[in-house]
Structures are given as C-alpha cells and as structure tokens.
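1. Sequence first, then the predicted structure:
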Amino acid sequence: GLQALTLCLNASGREQEVDLLTDRGFQTGDGVYETLRVEDGAVLWLEEHVERLKGSSLKIRLPFPWDVKALVGYLRPLIPRKGLARLRLTLTAGEGGRGFIRPATPSPRIFALSTPTDASPILEDLAVAPHRVPMDWPAKTLSGLPRVLAAPPAGKEWVMVNEKGHVTEATMANIFWWRDGGWHTPALSPSLLSGLTRQRVIRLALSMGMVIHEADYRLEELLGAEEVMITGTVAGLVA
C-alpha cells in the first residue's frame, strides 16, 4: 500500500487538495517528474533531483515558482522515516487552458507520492526493446507512452535504441559495459537522459584511474561486451 506521503504543493508551498481529472498533467501529460530513493528517512541527492526538476520544467517552458532550498524544506518533514521507498515528484502545469493550449499564466503544482520498494532488482536477461526511442529533449516529461510500450516483463530489462540506431540506455536506467579493457557508455544526446547515478559512476571510475569511453555506439558494440551494468537512483548499480 501507499505510505503517508501523498500531497500536492502550490506555488507558495502550501498543501492543497485538487481534482486530478482537471489537472493538465492528467489531461495532456503537461509536466515533468523525478524519482528519488528514500532509505530510513534519508533521501539520496534530494536537492540535486529538485534542481533537475526545475531544469526540466524550464525546458518545457513552465515557470518554477519555488526556491529550491525552500521546496526541499517543505518535503523533508513528510518523508517516510523507515524502510526503502520510491519518492516520485511530479510537476504539472496545473489547471486551465483549452486542450493543448496552456492558460496565459500557468499555475504549476508539485505532487509528491511515496511508495515502498524492493532492493535492487536481479535481472534475468538483457534484450533489445522491440521499438526505437523517438528523439526528444533530455527532460523527464510525463509523456512516457513510448516507455510504457517498451516496459519489459518483470525480472528482465531492455536496451533502448534511438532512431539513428545508437544505443541510448535501458528502459529505466543508464547503461555501461566493459570491453577491450575499458568501460563504455553512450554519449549524451537528445534521446539520452544524464542520470545522477550515471554522473557519479563516471566521476568515481575516473578517480580510480579507469578508462571511460563516451561515444555513439551501435548495438553490435554492446553485444560484444564482456560485462554489462545498468545504473539508476532507486536501483543503484545492477550487474
């Protein structure tokens, strides 16, 4: 079941009740999101996730009326204190407008939802997704239907390939592989989100003297790998 953290914050940081059926996030997918890991009350990279949420909001031309540190302060007392949980922050354009046309002055909202989660998954298989990822700007938008259609069966994961035939990531994680004495990962592109865990893995590897190659790779490069891992904020590093 859901844990206690289920709320909606308006632009002033006050909690409010809303009708989700009239929210533009539900109506048109007009919004962005972040997913965070919570473990015994500690949120992994909370401020950085909120900063990225702000960046994503501005990329889709939505105002971000909250001060980042103030928003972090609003959220902290409401975070579950025990267990492993997934914290989802969803920013929408609020209500109003007509169809796809936003109101002249949008009133964005942030929804926070916490659900219990398991530890890092154990992957049984790594296969290629049965469709290509459309080119997009690197923001975590609510328009996730391509990802929904690409969702693999439980215990498995799929490699995503974009319209140019380049490997981008796994369905819900970034991807690294070891080949020819070094680590390889797809270079940043309009169809690849730079995950916070991905950034840290690269910095850590470089600090340890490892070689990290970032480039555009076709599927054949990955298929010849000796070892593969995927990375994500909630899952961590999964072999």
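-> That came in fine, so what should we check first? Numbering: from 1, shown residues only.
2. Does anything pack onto the helix or strand of the chain with the lowest mean pLDDT? Which helices or strands?
-> Counting by mean pLDDT, DSSP states H and E, the weakest-scoring helix or strand in the chain turns out to be helix 145-149, with a mean of 72. Helix 145-149 makes packing contacts with strand 125-133 when contacts are defined by 3 or more Cβ pairs under 8 Å, 6 or more residues apart in numbering; DSSP states H and E. In short, each C-beta sits where N, CA and C put it, glycine included.
3. who does the strand it packs on pair up with?
-> strand 156-162 (parallel) (DSSP bridges).
4. Please list the residues outside the partner strand that contact it.
-> Under the contact criterion Cβ atoms under 8 Å, 6 or more residues apart in numbering, strand 156-162 has outside partners 123-130, 132-135, 150, 152, 167-171, 173, 175, 189, 191-192, 219, 222, 230.
5. Buried among those? Make that a PyMOL selection.
-> Those of the contacts of strand 156-162 that count as buried under 16 or more other Cβ atoms under 10 Å are selected in PyMOL with:
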select buried, resi 123+126+129+132+133+150+152+167+168+169+170+171+173+175+189+191+192+222+230
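6. how far does stretch 17-34 sit from the chain's center?
-> 17 Å (Cα atoms, centre = their mean, to the nearest Å).
7. Can you give me the buried ones in the helix or strand where Val72 lies?
-> Element membership of Val72 [criterion: DSSP states H and E] is helix 68-75. Along helix 68-75, these residues count as buried under the neighbour rule (16+ other Cβ under 10 Å): 71-72, 74-75.
8. Dump the residues you listed to TSV, plus pLDDT and distance to Leu84.
-> Shown next, in TSV, are these (pLDDT from 0 to 100; distance: Cβ to Cβ, whole Å):
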residue	pLDDT	distance to Leu84
Leu71	88	23
Val72	87	20
Tyr74	84	23
Leu75	84	18
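9. What is the nearest of these to Glu17?
-> Glu17 has its nearest neighbour among the buried residues of helix 68-75 in Tyr74, at 16.3 Å by Cβ to Cβ.
10. quick one: contacts for the closest one?
-> Under the criterion of Cβ under 8 Å, 6+ apart, the neighbours of Tyr74 are 9, 13.
11. let's number from 23 now, not from 1
-> Okay, using 23 as the starting number, the last item reads as Tyr96.
12. how close does it sit to Leu80?
-> Counting by Cβ to Cβ, to the nearest Å, the gap from Tyr96 to Leu80 is 20 Å.
13. same check, this time on Leu135
-> Between Leu135 and Leu80 the computed distance is 23 Å (Cβ to Cβ).
14. One more: His153?
-> Noted for His153: a distance of 29 Å to Leu80, by Cβ to Cβ.
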